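Asks: Attaching a predicted model along with its sequence, questions to come.
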Amino acid sequence: MIYVIDHKDSFTHNVVHQLSLFDKVKCTNYDEINNQYLKKASTIVLSPGPGSPKDYPITSRIYNNYKGRKRILGICLGFQQILYCEGAKIIQQKQIYHGFQSIIKVISRNSIFPHNNKYKVGRYHSLKLKEPFYSQNFDITMRCAISGSAMALENNTDKIYGFQFHPESFLTENGNLLIKKILSA
Amino acid sequence: MNTFKILNDINSSGKPYVIYKTTKGFDLFTDFSKKIILSNKNILNFFKSISSNKKKIKKTDLYIGFFGYELLNHLIGIKFPKQKTIHFPKGIFYKPETLLSLNETLSFKAPLIENKNKQFKININRKNYIKIFNKFKKKIRQGETYQIKICTKYKNKSKIDPLDFFCRLSKSNLAPEAFLIKDKNYSVISCSPETLIEKKGRSIITKPIAGTLTKNKSLNKSKALQYFRKNIKETKEHNMIVDMERSDLSRICVPGSVKIKKEKTVEEYKDLFHYVSLIKGKLNEKAKTIDIVKSMMPGGSVIGCPKISTLNLLNKQEKENRNIYTGSFGYIRFNGDMRFNIIIRSILNFKNTSEISVASGVVIDSKANHEFNENFIKAKALIDLFK
């Protein structure tokens, strides 16, 4: 079972539907975290959402608690939340991408996705990862082909994954494949 | 019976009635056996009272009316700060006993004496608008909202004949979701273009509009499409709304059933082009009327995105109650089928005061002056009716 923590976003149920193609999914609001679901889930998904990671201390606690024990996937805000918990700074970007389709590239040979593969993806983010960023076992595996901003993280030791873009957006091509690969990793 | 006679009869009878656009013409609902005034307290009972398991129903087995903006916020658990209010009901539904079909061309005998006033007062001037605009832009940079619509309101005092207004409005702008409510103490005249919900059986569609282009002689439909496609700002705004509406539908639909049936197409109206998408889904077996309403309303395209945090930002900012504006008008049949629009481009006349609310979107690359003017253009089509 996959448990999605909804940070009250307007895209979360697209994520839920996408995940439902592969497994049973439960989803609750950030205000109504369900401990039973947390315990039962094999994968915890941190949804997109407004604001920045520091606004969601409960999500940080859940991440720290389950890191290494369950597969964790973060999308957009969820991606930033993982990085934030790993000591990264999340900052405002000069150029803001909301509803924007851009091309991203797999830049790491350690990725579960083929090196140099390109994907067309939908983006909705005001904030981004401040680099350089380093944390043990974490790799930034995809970047925006134009700006070079971090677009995906992988920690294959602890099975922690994150996308800055939205795999569930209609602007993302092959989003289902990306999710499938992570759920079977 | 012909349209002219029906309209004359109904208007001189003094009976309350509702007119709603259909594909071929208009439907007129009257002889109301019930009028339900909704409040935060009775709204849940209202939904419970609609038994949706009836298979065989009459054409008049429905409730027609509207949900105001504040009531829709209440339904999804959003708290409201204290606002200036004219104490207009939060929602009203009627049970009609008579349904008559009208032609597309509406006309009737010269109206009663009207006392139209051309002067309108706006509640937010340009200077204050720019202030709010800049504040919201900062919120976008911080990621608290990705798109937010600032609402301005125009008001005046005048005694109007709603049917006269509606007939003239549908002549100049025949909108697919146009409606008129005429009751004893208030009326609503609307040329809303936007379908929020059309539910038949387990099929549900929504048709968000994001992107408007005023017509001129050199523009045709395909040129308008090119304009929208090339305009990155319009495209991004529209994309955001499409993903949001997909998500709203996904909340109540069978996984995998939510599909974009028409992606970014142009619809042509008398004075403008709209950039429109159509999204369809198959409802979960368990989805009740109230679940559908809570999931889809208030309609996202006129609020911004993400809905909850954007609504909170708006409500904190706005000093005056929106009343009907960005609420929804439509009907719920007793078999559970329904049709609802988004209440925009509307005049609310209550206690001889008319109010027209309009909104335009702030995204990261919007310009304050441009959006302020855009708001006025949207209001002008309705303000012109007072001439």
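Replies: Here it is on my side, so go on.
Asks: mind listing what the nearest residue to B:G281 once chain neighbours are set aside touches?
Replies: Among residues not flanking B:G281 along the chain, B:C253 sits closest, at 3.5 Å (Cβ to Cβ, 6 or more residues apart in numbering or on different chains). Any C-beta I mention is one placed from the backbone N, CA and C, and that applies to glycine too. B:C253 is in contact with A:17, B:204, B:281-284, B:287, counting by Cβ atoms under 8 Å, 6 or more residues apart in numbering or on different chains.
Asks: nearest to A:K70, of these?
Replies: Closest approach between those and A:K70, by Cβ to Cβ: A:H17, at 21.6 Å.
Asks: Wait, that closest one touches B:R251, no?
Replies: No: assessed by Cβ atoms under 8 Å, A:H17 is found out of contact with B:R251, at 9.3 Å.
Asks: longest strand of chain A?
Replies: Assignment by DSSP state E gives strand A:90-106 as the longest strand of chain A.
Asks: Quick check: neighbours of it in the sheet, parallel or antiparallel?
Replies: Within its sheet, strand A:90-106 is paired with strand A:118-129 (antiparallel), strand A:139-144 (antiparallel), according to DSSP bridges.
Asks: Pipe the ones you listed into TSV and attach mean pLDDT and distance to B:G327 per row.
Replies: Shown next, in TSV, are the strands paired with strand A:90-106 (pLDDT from 0 to 100; distance: least, Cβ to Cβ, whole Å):
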stretch	mean pLDDT	distance to B:G327
strand A:118-129	96	27
strand A:139-144	98	40
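Asks: ok, B:V362 touching B:F136?
Replies: Yes: contact criterion Cβ under 8 Å: B:V362 and B:F136 qualify, at 4.9 Å.
Asks: shared neighbours of the two, anything?
Replies: B:148, B:150.
Asks: what bits of the chain have low per-residue confidence?
Replies: No chain was given, so I picked chain A. Applying pLDDT under 70 to chain A flags no residue at all.
Asks: look at chain B instead
Replies: Across chain B, residues meeting the criterion (pLDDT under 70) sit at B:1, B:51-54, B:111-115.
Asks: Could you list the buried residues of the longest strand of chain A?
Replies: Of the residues in strand A:90-106, A:90, A:93, A:96-102, A:104-106 count as buried by neighbour count, 16 or more other Cβ atoms under 10 Å in any protein chain shown.
Asks: Could you do stretch B:228-241 as well?
Replies: Going by 16+ other Cβ under 10 Å, stretch B:228-241 has these buried residues: B:228, B:234-241.
Asks: Relative to B:N40, which of the residues you listed is nearest.
Replies: Nearest to B:N40, judged by Cβ to Cβ, of the buried residues of stretch B:228-241 is B:I241 at 28.2 Å.
Asks: Quick check: buried residues in whichever helix or strand B:D9 is part of?
Replies: According to DSSP states H and E, B:D9 maps onto helix B:3-13. Within helix B:3-13, the residues that count as buried by 16+ other Cβ under 10 Å are B:3, B:6-7, B:10-11.
Asks: Check which helices and strands the helix or strand containing B:C151 sits against.
Replies: Taking DSSP H and E as the criterion, B:C151 maps to strand B:147-157. If contacts are counted by 3 or more Cβ pairs under 8 Å, 6 or more residues apart in numbering or on different chains; DSSP states H and E, strand B:147-157 sits against strand B:121-122, helix B:126-141, helix B:232-250, strand B:304-305, helix B:307-317, strand B:353-362, helix B:368-383.
Asks: Can I get these in CSV including distance to B:K95?
Replies: Listed next are the helices and strands packed on strand B:147-157 as CSV, based on distance: least, Cβ to Cβ, whole Å:
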stretch, distance to B:K95
strand B:121-122, 37
helix B:126-141, 41
helix B:232-250, 28
strand B:304-305, 35
helix B:307-317, 31
strand B:353-362, 27
helix B:368-383, 29
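Asks: ranking those by burial, who's on top?
Replies: Ranked by mean neighbour count under mean count of other Cβ atoms under 10 Å in any protein chain shown, those are led by strand B:304-305, which reaches a mean of 30.
Asks: hmm, that one in reach of chain A?
Replies: Yes: counting by Cβ under 8 Å from any Cβ of the partner chain, chain A has neighbours in strand B:304-305: B:C305.
Asks: which ones are touching residue 95?
Replies: As the question left the chain open, I've gone with chain A. Going by Cβ under 8 Å, 6+ apart, A:Q95 touches A:S147.
Asks: The chain in question should be chain B.
Replies: Contact analysis of B:K95 by Cβ under 8 Å, 6+ apart lists B:32-36, B:60, B:62-63.
Asks: about what we covered before: which ones among the contacts of B:C253 lie within strands?
Replies: B:204, B:281-282.
Asks: among the residues you listed, who's most crowded?
Replies: B:G281 (27 neighbours; other Cβ atoms under 10 Å in any protein chain shown).
Asks: thinking that residue is in contact with B:V258, fair?
Replies: Yes: at 4.2 Å, B:G281 counts as touching B:V258 under the criterion of Cβ under 8 Å.
Asks: which SS state does the closest residue to B:K55 other than its chain neighbours fall under?
Replies: Leaving aside its sequence neighbours, B:K55 sits nearest to B:N335 (Cβ to Cβ, 6+ apart; 6.5 Å). At B:N335 the chain is in coil, as set by DSSP: H, G, I helix; E, B strand; the rest coil.
Asks: near chain B, which residues of chain A show up?
Replies: A:8-14, A:16-17, A:20-21, A:49-52, A:77, A:92, A:96, A:98-101, A:122, A:124-127, A:166, A:168-171.
Asks: filter those residues to the buried ones?
Replies: Buried among those by 16+ other Cβ under 10 Å: A:8-14, A:16-17, A:20, A:49-52, A:77, A:96, A:98-101, A:122, A:124-127, A:166, A:168-171.
Asks: Most widely separated two among the buried residues of stretch B:228-241?
Replies: Across the buried residues of stretch B:228-241 (Cβ to Cβ), the longest gap, 14.3 Å, separates B:F228 and B:M240.
Asks: Get me the contact residues on the stretch 251-387 of chain B for chain A.
Replies: So far as Cβ under 8 Å from any Cβ goes, the stretch 251-387 of chain B lies against chain A at B:251, B:253, B:255-256, B:258, B:260, B:263, B:300, B:305-310, B:363-364.
Asks: switch the cut-off to 6 Å
Replies: Residues of the stretch 251-387 of chain B lying close to chain A by Cβ under 6 Å from any Cβ of the partner chain are B:251, B:255, B:260, B:305-309, B:364.
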